[in-house]
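Novice: coordinates for the following, if possible.
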Amino acid sequence: MAKAFGTEVIVDRAGHPRSLRAAALAAGVPTIIYEGGETFKFQRKEIKKGINGVYNVLSALGVIPTPIKEPRVQVTVRKSEWVRAEKGGILDLRASPGDLVYEREVLAVVEHPFGREVSSVPAPFTGLILGTTTRPMVTPGDPICHVVKLDKTLPTVEKHLQTSASGRRRIPVDT
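Specialist: Have a look, this model is predicted:
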């Protein structure tokens, strides 16, 4: 069902034990969760992708005769991690959703109000950025970047990379 939905990245793992997803799976109900866009915002492109995904699943199940819209690249990953701030300060984020990052690459820098670096935040492993905070200030323990680990799927992602205007290596996202 997740593959039919058509997102570029599928995170294949169980949800929190007390979540609705875990309860549905325990009852034998196939379940997926689509997460897209920034928090606290309605984003038309992400909403459209969600609607297209529902149509894709209904088409794959034979419920409707709609052609399936497939992403240019699709990878399934099992490990993800929220990279968190070790120290507080002003966050200078260097990575964006869709960016490919390599282990120990700097994702962000935490600074004092007068620009002095307090700490740098490295990538814990090679992976794709799924999401980032949108807050300019962080305190110790705040989430900064959600990174999915790329092992076997790294060559697939590298093959489909595009360079953005900022020079970042990005996975193409269908809109």
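Novice: what ranges do the strands span in this structure?
Specialist: Assignment of strands within the chain using DSSP state E yields the ranges 9-11, 75-77, 80-84, 89-93, 100-101, 106-111, 117-122, 127-132, 137-138, 143-149, 162-163, 169-170.
Novice: save those strands as a markdown table, and put in mean pLDDT and mean neighbour count too.
Specialist: C-beta coordinates here come from the backbone N, C-alpha and C atoms, glycine included. Listed next are the strands of the chain as a markdown table, based on pLDDT from 0 to 100; neighbours: other Cβ atoms under 10 Å:
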| stretch | mean pLDDT | mean neighbour count |
| --- | --- | --- |
| strand 9-11 | 91 | 19 |
| strand 75-77 | 91 | 18 |
| strand 80-84 | 94 | 16 |
| strand 89-93 | 95 | 18 |
| strand 100-101 | 92 | 22 |
| strand 106-111 | 95 | 18 |
| strand 117-122 | 90 | 16 |
| strand 127-132 | 92 | 23 |
| strand 137-138 | 94 | 18 |
| strand 143-149 | 95 | 21 |
| strand 162-163 | 68 | 10 |
| strand 169-170 | 72 | 18 |
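Novice: so what's residue 30 up against?
Specialist: Taking Cβ atoms under 8 Å, 6 or more residues apart in numbering, we find residue 30 in contact with 1, 24.
Novice: before we move on, what about residue 171?
Specialist: 8-9, 73, 98, 100, 128, 157, 160-162.
Novice: farthest pair within these?
Specialist: In the contacts of residue 171, two members sit farther apart than any others by Cβ to Cβ. They are 9 and 162, at 15.4 Å.
Novice: of all the strands of the chain, which lies closest to residue 68?
Specialist: Across the strands of the chain, residue 68 has its closest neighbour in strand 9-11 (15.2 Å, Cβ to Cβ).
Novice: thought residue 1 was touching residue 56?
Specialist: No. Under the criterion of Cβ atoms under 8 Å, residue 1 is not in contact with residue 56, lying 9.5 Å apart.
Novice: who's more crowded, these two?
Specialist: Between residue 1 and residue 56, counting by other Cβ atoms under 10 Å, residue 56 is the more crowded of the two (23 against 13).
Novice: I'm done for today, thanks for sticking with me.
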